[in-house]
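> I would like to see how this sequence folds:
(chains A and B)
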Number of protein chains: 2
Amino acid sequence: MMRALVLLSGGQDSSTCLYWAMREYGAAQVCAIGFDYGQRHVEELNYARGICDGLGISFAVIALPAVTELTANALTRKDMVVDAATVGDAPPNTLVEGRNMLFLMYAAIYAKERGIRTLVTGVSQSDYSGYPDCRDVFIKSLNVTLNLSMDYEYTIETPLMWRDKAQVWALAQELGVLDIIRDKTLTCYNGIAGEGCGNCPACTLRQRGYEEWKRCTK
Amino acid sequence: MMRALVLLSGGQDSSTCLYWAMREYGAAQVCAIGFDYGQRHVEELNYARGICDGLGISFAVIALPAVTELTANALTRKDMVVDAATVGDAPPNTLVEGRNMLFLMYAAIYAKERGIRTLVTGVSQSDYSGYPDCRDVFIKSLNVTLNLSMDYEYTIETPLMWRDKAQVWALAQELGVLDIIRDKTLTCYNGIAGEGCGNCPACTLRQRGYEEWKRCTK
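Residues are numbered from 1 along each chain as shown, chains lettered A, B, ... in the order given. From the prediction side, this is the model:
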């Protein structure tokens, strides 16, 4: 019987969470799930599968075509430009409305069918970026709602909730997987692995965190 | 600008909710959404569309193929028999895990894109039937979670929450649509409109409620 299901996108955060879960629960107790929601950087799922295959960890991909249909955003629409600048209090146009809630909901359904109670997600309030569904209060509220929805005792684990990107790099080193996270994951909105395009908001955040961590460890 | 989005399956409860919403908000302020999740009685969506077309109300259908993929239940699997009897405290095998949460979540995403804040659903704790996601506590918890998820003030309205089936028939009469609800909606798990097959759990509940209401109004 598996114990924990990791939501894995193939990016830095969720890949670090996968290794964290392996340390917490043992590799044999961990499986992973990813989502194909029409993201332009769908290539990330191949990186997720590559990591899982190398570790002998099961990786399921769920197709969610309705997400693209329902919302207009730069992560799923090729006719929109990824824009780091926001107007006033508005979130960035890479926000996919309700994304984390949908992913955790589908993961919860998948987990219950397999008797798994622990869901692991890499969301971080420290890296908030204007996404309301990365906040701790949202995750706690969702945990209660999921448990009521399916009359089942889920625990949502968020090992990165209070870590900024530099601290996520530090965790990768602590777990002994710094090289893998740096070279074999894909965070870039433009679909370039490792160091990425260097220009999109995701690359900027990742790179800035890496440099900060390097400075601190000198 | 629309004011309310009704989750419409084409069955007795949600169709009654549509007419309730028209009275509450005015017909011009109401639109509807339905879900094709591989239900064997998918024919219900044609009844939903028929009602909406007759009223000039917009009706969107969202396809959710992943639901069938993720869970084993008698409403989506043709190789399972609808079974009214339950073992111990187990819910009936027509339970589609997480269904109401998924539907409300997609409806919420659809609503926010259109500036709509009110979601209307026909769930009823009085008709609980062992489905945890029909309980009032779940709906209230989900309302909070949705608002946090998308940083938006939704209100989920549940006009049938404390009505049993006889009281839902009474509401249909009060709204002046008893004939339409009785003849032009589809509640039956076996896909037969109006009085239905008469044997499945949904038909039994609907028929028993109708008879009770008729007795009370004599």
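> who touches the biggest strand by length in chain A?
The strand that spans the most residues within chain A, counting by DSSP state E, is strand A:30-36. Strand A:30-36 is touched from outside by A:2-10, A:18, A:21-22, A:42, A:45, A:48-49, A:52, A:57-64, A:102-103, A:106-107, A:110, A:114, A:116, with contacts defined as C-beta atoms under 8 Å, 6 or more residues apart in numbering or on different chains. No exception for glycine: its C-beta is placed from N, CA and C like everyone else's.
> who does the lowest-mean-pLDDT helix or strand in chain A touch, helix- and strand-wise?
Taking mean pLDDT, DSSP states H and E as the measure, chain A has helix A:66-70 as its least confident helix or strand, at a mean of 75. Counting contacts by 3 or more C-beta pairs under 8 Å, 6 or more residues apart in numbering or on different chains; DSSP states H and E, helix A:66-70 packs against strand B:59-63, helix B:99-113.
> So which of these is the most surrounded?
Each of those was scored by mean neighbour count; the highest is helix B:99-113, a mean of 23, by mean count of other C-beta atoms under 10 Å in any protein chain shown.
> in its sheet, what does whichever helix or strand comes after that helix sit against?
Per DSSP states H and E, the first helix or strand lying C-terminal to helix B:99-113 is strand B:118-120. Strand pairing for strand B:118-120, using DSSP bridges, gives strand B:4-7 (parallel), strand B:155-157 (parallel).
> Run the chain-centre distance for the helix or strand following strand B:118-120.
Tracing the chain past strand B:118-120, the next element assigned as helix or strand by DSSP H and E is helix B:136-150. How far helix B:136-150 lies from its chain's middle: 18 Å, per C-alpha atoms, centre = their mean, to the nearest Å.
> got the contact list for helix B:136-150?
With C-beta under 8 Å, 6+ apart as the test, helix B:136-150 has contacts from A:97-98, A:100-101, A:132-133, A:135, A:137-138, A:141-142, A:144-145, A:148-149, B:100-101, B:104-105, B:108-109, B:112, B:121, B:123, B:125, B:132, B:152-156, B:158, B:161-162.
> Kindly recompute the last result at 7 Å.
For helix B:136-150, contacts defined as C-beta atoms under 7 Å, 6 or more residues apart in numbering or on different chains pick out A:97-98, A:101, A:132-133, A:135, A:137-138, A:141-142, A:144-145, A:148-149, B:101, B:104, B:108, B:112, B:123, B:125, B:132, B:153-154, B:156, B:158, B:161.
> Could you tell me which residues of chain A lie near chain B?
Residues of chain A found near chain B (C-beta under 7 Å from any C-beta of the partner chain) are A:62-64, A:66, A:70-71, A:97-98, A:101-102, A:105-106, A:108-110, A:112-113, A:132-133, A:135, A:137-138, A:141-142, A:144-145, A:148-151.
> could you dump the helices and strands packed on helix A:66-70 to TSV with mean pLDDT and distance to residue A:205?
As requested, the helices and strands packed on helix A:66-70 are exported to TSV (pLDDT from 0 to 100; distance: least, C-beta to C-beta, whole Å):
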stretch	mean pLDDT	distance to residue A:205
strand B:59-63	93	32
helix B:99-113	94	25
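> Nearest to residue B:172, out of those?
strand B:59-63 (19.4 Å; C-beta to C-beta).
> Just give me the neighbour total for residue A:151.
Residues lying near residue A:151 (other C-beta atoms under 10 Å in any protein chain shown) number 17.
> dump the residue contacts of it.
Counting by C-beta under 7 Å, 6+ apart, residue A:151 touches residue B:132.
> Where does pLDDT dip in chain A?
A:71-95, A:128 (pLDDT under 70).
> redo that, cut-off 90
Applying pLDDT under 90 to chain A picks out residues A:1-2, A:37-43, A:63-99, A:126-131, A:187-195, A:200-202, A:205, A:216-218.
> ok, longest helix in it?
Longest helix of chain A, by residue count under DSSP state H: helix A:201-217.
> from the chain's centre, how far out does that one sit?
17 Å.
> go on, stretch A:9-26?
For stretch A:9-26 - counting by C-alpha atoms, centre = their mean - the centre lies 10 Å from the chain centre.
> List the contacts of it.
The contact list for stretch A:9-26 (C-beta under 7 Å, 6+ apart) reads A:3-4, A:6-8, A:30, A:32, A:34, A:44-45, A:47-48, A:51, A:120-122, A:124, A:159-160, A:168, A:171-172, A:175, A:177, A:181, A:185-187, A:206.
> buried ones in it?
For stretch A:9-26, burial by neighbour count (16 or more other C-beta atoms under 10 Å in any protein chain shown) applies to A:9-22, A:24-25.
> ok, of those, which one's closest to residue B:218?
After measuring the buried residues of stretch A:9-26 against residue B:218 - C-beta to C-beta - the closest member comes out as residue A:9, at 61.5 Å.
> Next one: the closest one relative to residue A:110, how far apart?
According to C-beta to C-beta, to the nearest Å, residue A:9 and residue A:110 sit 15 Å apart.
> Over to residue A:51?
Distance from residue A:51 to residue A:110, by C-beta to C-beta: 19 Å.
> swap in residue A:159?
In terms of C-beta to C-beta, residue A:159 sits 20 Å off from residue A:110.
> List the residues that contact residue A:118.
Applying C-beta under 7 Å, 6+ apart, the residues near residue A:118 are A:3, A:4, A:155, A:157.
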